[in-house]
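K.L.:
My questions are about this predicted structure, shown below with the sequence.
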Amino acid sequence: MSSTNRKFTETGLPWHIVEEAISRESKWLERVIEQTVIGKVPGCDDCGYTFRKIALLIITGRITAKELIARDGHDLWDDLTQKHGIKKSARHGGVWHRKMMDLLTGYFAKQSFEVIPEPFLSQGRADLGIHKDGYTDLFAEVGTLSPYKLWWNLQMLTNSKILIVPGEKRAIEFTCRDDQGDILRSAQEKGPI
């Protein structure tokens, strides 16, 4: 019996309830993640099974995911989109992408985070790496992305978060957990478990 099946068996949940939860998460992921059309991994990015694999990571507790939505009339970044001149009509072009990366860089740098453009991940590169002692490492993806690349990196990264930023008013935050299912703590917080 696989460890995933064992976890479901230990919960005592019937198969159809677990399957419904996986389906719900998978449909949510398909709705909130905007897929790239350039550089797709053949058979992986087009396959709904990739979203199912990410949903399994969520259902089994290996990662957590939450959608962040701005209040009406605002953005998620202290209303910096107005200052940077980001207009909804220019969404997802090269200019929009560059302006959003500049906006995120300014937003986190203002809070004393080190922002590194295009850091290497296990699979490909993120748009931004955001680091500060005592905080969980954050990797930001702006606009569209490869679901396969996301799935791969969610499995491989530890002590980190991936922030997907599909627009000015919405973001999806994935928190990677360690093998015991606990969110990894910063170096200062580590101690006996």
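P.N.:
In hand now; what should we look at? Numbering: from 1, shown residues only.
K.L.:
Longest helix in this protein, by number of residues?
P.N.:
For the chain, the helix reaching the highest residue count under DSSP state H is reported as helix 15-32.
K.L.:
which strands and helices sit next to it?
P.N.:
Counting by 3 or more CB pairs under 8 Å, 6 or more residues apart in numbering; DSSP states H and E, the packing neighbours recorded for helix 15-32 are helix 3-11, helix 48-59, strand 63-69. In this view, the C-beta of every residue, glycine as well, is placed from N, C-alpha and C.
K.L.:
quick one: which helix or strand includes V95?
P.N.:
Element membership for V95 (DSSP states H and E) is helix 94-109.
K.L.:
What is that helix packed up against?
P.N.:
For helix 94-109, where contacts count as 3+ CB pairs under 8 Å, 6+ apart, the packed elements are helix 80-83, strand 114-117, strand 128-131, strand 137-142.
K.L.:
Please point out which parts of that helix sit buried.
P.N.:
Using 16 or more other CB atoms under 10 Å as the burial criterion, the residues of helix 94-109 that qualify are W96, H97, K99, M100, M101, L103, L104, T105, G106, Y107, F108.
K.L.:
how close does the third one sit to K132?
P.N.:
Spelled out, that is K99. When CB to CB, to the nearest Å is the yardstick, K99 and K132 sit 23 Å from each other.
K.L.:
same deal with the fourth one?
P.N.:
Using CB to CB, one gets 21 Å for the distance from M100 to K132.
K.L.:
Ok, the second one next?
P.N.:
H97 sits 24 Å away from K132 when distances are taken as CB to CB.
K.L.:
Could you do the first one as well?
P.N.:
W96 sits 27 Å away from K132 when distances are taken as CB to CB.
K.L.:
If we ignore the residues flanking it in sequence, what's nearest G124?
P.N.:
K149 (5.0 Å; CB to CB, 6 or more residues apart in numbering).
K.L.:
Quick check: that neighbour touching Q123?
P.N.:
Yes: in terms of CB atoms under 8 Å, K149 counts as a neighbour of Q123; the distance is 4.9 Å.
K.L.:
between those two, who's got more neighbours?
P.N.:
The residue with more neighbours, out of K149 and Q123 and counting by other CB atoms under 10 Å, is K149; that gives 23 against 17.
K.L.:
Can you classify the more buried one as helix, strand or coil?
P.N.:
Each residue gets one of three states, and K149 gets helix by DSSP: H, G, I helix; E, B strand; the rest coil.
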